[in-house]
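Have a look; sequence and predicted model below, questions after that.
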Amino acid sequence: MSEPSIFTRILTGDIPGEILLETERVFALRDINPQAPMHLLVIPKTEQYRDVTELAVGDPGLLAEMVAAAKRLADEHANGEYRLIFNNGAGAGQSVFHVHAHVLGDIEENKLVGF
Ligand code: DGP
């Protein structure tokens, strides 16, 4: 059995981290390396899916729950508008292979490119 991901370890309290939102199937954290005034991560509790391609095929309902959580977070922590990013593969910038959505908000003007 492989080691739990860094996100699972935060969820289970193995390493410290603030959980901003938790439902039966998803949870959210602040990104440790923020690229916008609001930069959160929405993560399914299951580690079954490495990236959004696998998730969309395997459990589209769970993907929809992640999007709903992103909107809730944007309403609570920004102005309700948000940018949703999934990195898919190391060459595309993915470093944690437990699918997660980056939720960015309150983005400064002209800062949409580069991440
Ligand atoms: P990606 O590169 O798309 O796989 O995104 C992984 C993100 O996870 C990256 O933006 C930084 C974040 N991250 C990595 N380790 C930790 C951690 O220990 N705590 C938190 N809150 N975020 C982390």
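Right, received. Where do you want to start?

When you work out contacts or count neighbours from here on, use the C-alpha atoms and nothing else.
OK.

pLDDT of the top helix by length along the chain, averaged?
The helix that spans the most residues within the chain, counting by DSSP state H, is helix 60-77. Computed over helix 60-77, the mean pLDDT rounds to 98.

Same question for stretch 16-23.
96.

Can I get it as PDB, trimmed to CA atoms?
Included here for stretch 16-23 are C-alpha records, laid out as PDB according to Å, rounded to 0.1, in the frame of the first residue of the first chain:
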ATOM      1  CA  PRO A  16      -0.900  20.400  10.800                       C
ATOM      2  CA  GLY A  17      -3.100  22.400   8.400                       C
ATOM      3  CA  GLU A  18      -6.300  24.400   8.600                       C
ATOM      4  CA  ILE A  19      -9.300  22.700   7.000                       C
ATOM      5  CA  LEU A  20     -11.500  25.500   5.600                       C
ATOM      6  CA  LEU A  21     -14.400  23.300   4.400                       C
ATOM      7  CA  GLU A  22     -15.300  19.700   4.900                       C
ATOM      8  CA  THR A  23     -18.200  17.700   3.500                       C
END
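
which helices and strands does the longest helix of the chain pack with?
strand 26-30, strand 38-44, helix 52-58, strand 101-105 (3 or more C-alpha pairs under 8 Å, 6 or more residues apart in numbering; DSSP states H and E).

So for the ligand, which of these sits nearest?
strand 26-30 (5.0 Å; C-alpha to the nearest ligand atom).

Give me the distance between residue 92 and residue 108.
23 Å (C-alpha to C-alpha, to the nearest Å).

on that earlier part again, after the longest helix of the chain comes which helix or strand?
strand 83-85 (DSSP states H and E).

So what's the gap between stretch 39-54 and the chain middle?
7 Å (C-alpha atoms, centre = their mean, to the nearest Å).

Can you convert the helices and strands packed on helix 60-77 into TSV and add a column each for mean neighbour count and distance to residue 8?
Below are these laid out as TSV (neighbours: other C-alpha atoms under 10 Å; distance: least, C-alpha to C-alpha, whole Å):
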stretch	mean neighbour count	distance to residue 8
strand 26-30	21	10
strand 38-44	24	9
helix 52-58	14	17
strand 101-105	24	15
